[in-house]
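Enquirer: this is a predicted model, with the sequence first.
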Amino acid sequence: MRAGAPNPVRILVVDDDPGDVLMIEEALADSDVNKVIDVVNDGQEAMEFLRRTGRHAEAHRPDVILLDLNMPRMDGRQVLGEVKRDEDLRTIPIVVLTTSNADTDIVGSYTLQANAYVTKPIDLDDFNDVVHRIDEFFGRVVVLPKRA
């Protein structure tokens, strides 16, 4: 647990692929970083969660967002743009975690102020390693903004 952080790190996973969500959840569960994981399946639901509307009225503000780019209804690029334009949400770190390694997606995500861009590895062990590193970084290394 991070020094001075008695509360668990709240992670919002935004991904429409149930297999990837399961692998992310399992990799995150396989560490001793104190955390709570919330999952939404597309960008529109992510914005409802972040704005605490509809069925997400009781949602807790996440400390970090793991965001896939390619999703139905509202893709990750649109979510990234909306979050970073929103004065109340823009301080939440966003890690783009996606299968795309296209330069346009990488540059576009950083242009929209993503805090990090990580390509999902195909190999399961590599995938777990990447998620563990993200978990360690945000769970132990960085100082996150206090929740409003």
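Expert: Cool, the structure landed.

Enquirer: state the pLDDT value of Ala148.
Expert: Reading off the per-residue confidence, Ala148 sits at a pLDDT of 61.

Enquirer: going forward, begin numbering at 126 instead of 1
Expert: Sure, I'll start numbering at 126, so the last one becomes Ala273.

Enquirer: pLDDT below threshold where in this protein?
Expert: In the predicted model, the chain carries pLDDT under 70 at residues 126-131, 273.

Enquirer: residue closest to the middle of it?
Expert: By C-alpha atoms, centre = their mean, the mean C-alpha position of the chain lies nearest to Leu191, the distance being 1.6 Å.

Enquirer: can you pull out the strands in this structure?
Expert: Remark: strands assigned in the chain by DSSP state E are 134-139, 160-165, 189-192, 219-223, 241-244.

Enquirer: can I get the ones you listed in JSON lines with distance to Val204?
Expert: Every C-beta, even on glycine, is put in place using the N, C-alpha and C of the backbone. Written out in JSON lines, the entries for the strands of the chain read as follows (distance: least, C-beta to C-beta, whole Å):
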{"stretch": "strand 134-139", "distance to Val204": "7"}
{"stretch": "strand 160-165", "distance to Val204": "10"}
{"stretch": "strand 189-192", "distance to Val204": "6"}
{"stretch": "strand 219-223", "distance to Val204": "8"}
{"stretch": "strand 241-244", "distance to Val204": "14"}
